[in-house]
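# Next input, structure requested:
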Amino acid sequence: MLLKPLALASASWDPSLKGACLGLMEFKRPQFSALRSYTLGSKFGHERLQKVGPIILGTFLCANQRAKRNPPVKKQEAYPQNVNLPPILPKKKKKPYPIPFKEIKQAARADKKLAEMNIEKALEPPKNGLLVPDLIPVAYEVVDAWKVLIKGLAQLLHIIPVHACSECSEVHVAETGHHIQDCLGQTSSSRRSFHSWVKGSINDVLVPIESYHLYDPFGRRIKHETRFEYDRIPAVVELCIQAGVDIPEYPSRRRTKPVRMIGKKVIDRGGFVEEPKPWRSANSSSLVDLDTYGACGLYPPPPLSGVARIAQETMDAYEIVRLGVEKLMRKYTVKACGYCSEVHVGPWGHNVKLCGEFKHQWRDGKHGWQDATVEEVFPPNYVWHVEDPKGPPLRGAVKRFYGKAPAVVELCMQAGAQIPCKYKPMMRLDIVVPESEEARLVA
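From the prediction side, this is the model:
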């Protein structure tokens, strides 16, 4: 809004005089609302002033106050209403590469070109064996949350029933097993693909993915003949140890000088250091809370008044572990077999010949190493979501209306925990499951 002058009172104006003329101009100030915010603006204009005499040039400065626009409000992240269930990868085919194969070939060509020119490859931590200081607190946080996760699941399994199929890897969290005919076990044909349910354990909910513990990841590779000289620990714990967590029973080499490489050849690794003996001769009481073996027998059932609190703590610990592993894997190298579930934490895989999956005879039992994903190191283990755990079992005729969720999330939700919003679209909470007779009429 531009203010218009009402009256002009100035000194005598003589066009013949060159210079500036001072005067007073009175403006009428409009009434502004106190509920709105305004900002001061200015406007310059250059116009012609024509009096009875000659034409005079003058410059005016006009100021006004405009209403200030409200700053844009950042919208919250919106999740879709429903998402498809995760696909099941075929076993008679290699897993897809997490990094496009074209980018892998381009990086290999660049390394080969530098190696031909005898130029040392530029490596940044942790690719050169040094720690990343910013990720050390993350690693400690993941280890602490891992202990809370194991303890919470061991306590909740005394309250919430979990069923596992004795012939396949199917898991179900409810009072009774479901009636969906999707068993792929060896004797499934005699049972018409119905599952053979038994009581589940913590390993059915939290899938144990183990890896060899290495004192020096850049040292000698593990051979098939020397595989029993190394300990097998959870891959999450091994990743945190290499990221900076110090566990006396599992020592790790901390370098002060970086590793140097030309192409794929290591030209300076600081020499080979004699590895300490395994912890089997030491006291292993402090390592019990890091593994799921026998966890249900270590922790007693919780009181009914504290089940919801334990479930919420377990749910929060699960999210901390998952997000922490994702952060660590952005920097630290983790390899996974493209055919089986073997995982190795380190710059390159081991040489143990224990792969028995698709076409293992052609590879002499060696693993087909490729970059690992978060789901391979910390698998979610999806299970069917049950709206009423004490109600009738799930039916196969309407299984397309059911949702899924990670086993830990489903277990904590039935125990009274508040689950994150990102899991709700996959659980399909807004879908009404029809009756068997009505399912064929649904589009």
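# make it CA atoms for all contacts and neighbour counts henceforth
Will do.
# Could you report the neighbour count for the residue nearest to residue 213 when sequence neighbours are not counted?
Spatially, and ignoring its direct neighbours in sequence, residue 213 is nearest to residue 231 (5.5 Å; Cα to Cα, 6 or more residues apart in numbering). When counting by other Cα atoms under 10 Å, one arrives at 15 neighbours for residue 231.
# Go ahead and confirm residue 231 touches residue 210.
No - using Cα atoms under 8 Å, residue 231 is not in contact with residue 210, being 9.7 Å away.
# what's the distance between the residue nearest to residue 213 and residue 249?
Separation of residue 231 from residue 249 (Cα to Cα, to the nearest Å) stands at 11 Å.
# Stretch 83-91: which residues count as buried?
Counting neighbours by 16 or more other Cα atoms under 10 Å, one finds that stretch 83-91 has no buried residues.
# just how off-centre is that stretch within its chain?
Using Cα atoms, centre = their mean, to the nearest Å, the distance from the centre of stretch 83-91 to the centre of the chain it belongs to is 18 Å.
# which residues touch that stretch?
95, 339, 357, 358, 403, 404, 425, 426, 428 (Cα atoms under 8 Å, 6 or more residues apart in numbering).
# So which of the residues you listed belong to strands?
Using DSSP state E, the members of the contacts of stretch 83-91 that fall in strands are residue 404.
# quick one, strands of the stretch 201-350 of the chain?
210-212, 232-234, 260-262, 265-268, 334-337, 343-345 (DSSP state E, counting those that start in this stretch).
# possible to save the ones you listed as CSV with mean pLDDT, mean neighbour count and distance to residue 80?
Shown next, in CSV, are the strands of the stretch 201-350 of the chain (pLDDT from 0 to 100; neighbours: other Cα atoms under 10 Å; distance: least, Cα to Cα, whole Å):
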stretch, mean pLDDT, mean neighbour count, distance to residue 80
strand 210-212, 95, 21, 34
strand 232-234, 93, 17, 34
strand 260-262, 89, 19, 46
strand 265-268, 84, 12, 48
strand 334-337, 95, 23, 31
strand 343-345, 96, 26, 32
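# tally of neighbours for residue 346?
Residue 346, neighbours per other Cα under 10 Å, totals 21.
# Surely it and residue 336 touch.
No - at 10.4 Å, residue 346 and residue 336 do not qualify as touching, with contact defined as Cα under 8 Å.
# hang on, the earlier thing: so which of the strands of the stretch 201-350 of the chain is nearest residue 319?
For those, proximity to residue 319 was assessed by Cα to Cα; strand 232-234 is nearest, at 17.5 Å.
# Can you list the strands that that closest one pairs with?
The strands that strand 232-234 pairs with in its sheet are strand 210-212 (antiparallel) (by DSSP bridges).
# Now do the strand it pairs with: everything it contacts.
Counting by Cα under 8 Å, 6+ apart, 230, 231, 232, 233, 234, 235, 238, 342, 343, 344, 345 sit against strand 210-212.
# how distant is it from the center of its chain?
Per Cα atoms, centre = their mean, the displacement of strand 210-212 from the mean C-alpha position of its chain is 21 Å.
# Also stretch 207-220?
Put simply, stretch 207-220 sits 22 Å off its chain's centre (Cα atoms, centre = their mean).
# What are the buried residues along it?
For stretch 207-220, by 16+ other Cα under 10 Å, it's 208, 209, 210, 211, 212, 213, 214, 215, 216, 217, 218.
# in the stretch 251-400 of the chain, which ranges drop under the pLDDT threshold?
Along the stretch 251-400 of the chain, the model assigns pLDDT under 70 to residues 278-286.
# Just the helices from it, written as ranges.
For the stretch 251-400 of the chain, the helices defined by DSSP state H, counting those that start in this stretch occupy 295-298, 307-329, 374-377.
# show me the contacts for residue 201.
Going by Cα under 8 Å, 6+ apart, residue 201 touches 157, 162, 296.
# export the residues you listed to JSON lines and tack on neighbour count and distance to residue 172?
Output for the contacts of residue 201, formatted as JSON lines (neighbours: other Cα atoms under 10 Å; distance: Cα to Cα, whole Å):
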{"residue": "157", "neighbour count": "19", "distance to residue 172": "13"}
{"residue": "162", "neighbour count": "24", "distance to residue 172": "6"}
{"residue": "296", "neighbour count": "20", "distance to residue 172": "18"}
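# Poorly predicted segments of the stretch 101-250 of the chain, please.
Along the stretch 101-250 of the chain, no part satisfies pLDDT under 70.
# one more time with 90
Residue ranges of the stretch 101-250 of the chain with pLDDT under 90: 115, 118-124, 129, 184-189, 208, 219-220, 248-249.
# per-residue pLDDT, the nearest residue to residue 80 once chain neighbours are set aside?
Residue nearest to residue 80 in three dimensions, not counting chain neighbours: residue 425, with 6.3 Å by Cα to Cα, 6+ apart. pLDDT recorded at residue 425 is 90.
# And residue 425, how far from residue 345?
33 Å.
# Same check on residue 405?
Residue 405 is 27 Å from residue 345, where distance means Cα to Cα.
# How many neighbouring residues does residue 391 have?
11.
# same check, this time on the one 4 residues further on
Look at residue 395: counted by other Cα under 10 Å, it has 14 neighbours.
# quick revisit: for the contacts of strand 210-212, which one is nearest residue 170?
Each of the contacts of strand 210-212 was scored against residue 170 by Cα to Cα, and residue 342 proved nearest at 19.7 Å.
# Give me the nearest residue to the closest one, chain neighbours excluded.
residue 336 (5.8 Å).
# Quickly list what the one you found is bridged to.
Beta-bridge partners of residue 336, as defined by DSSP bridges: residue 343, residue 370.
# thought it was touching residue 348?
No - counting by Cα under 8 Å, residue 336 sits too far from residue 348 to count as a contact (9.8 Å).
# if we can go back for a sec, mind putting the helices of the stretch 251-400 of the chain into JSON lines with distance to residue 257?
Compiled in JSON lines, the helices of the stretch 251-400 of the chain are given as follows (distance: least, Cα to Cα, whole Å):
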{"stretch": "helix 295-298", "distance to residue 257": "40"}
{"stretch": "helix 307-329", "distance to residue 257": "21"}
{"stretch": "helix 374-377", "distance to residue 257": "29"}
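# nearest to residue 224, of these?
helix 374-377 (22.3 Å).
# which residues touch residue 313?
Neighbours of residue 313 in contact, by Cα under 8 Å, 6+ apart: 148, 149, 152.
# if I look at it, how far off is residue 349?
35 Å.
# same check, this time on residue 373
For residue 373 relative to residue 349 (Cα to Cα), the value is 15 Å.
# Also residue 388?
45 Å.
# How about residue 111?
Distance from residue 111 to residue 349, by Cα to Cα: 19 Å.
# what about those two, which has more around it?
Between residue 111 and residue 349, counted using other Cα under 10 Å, the more crowded position is residue 349 (22 against 18).
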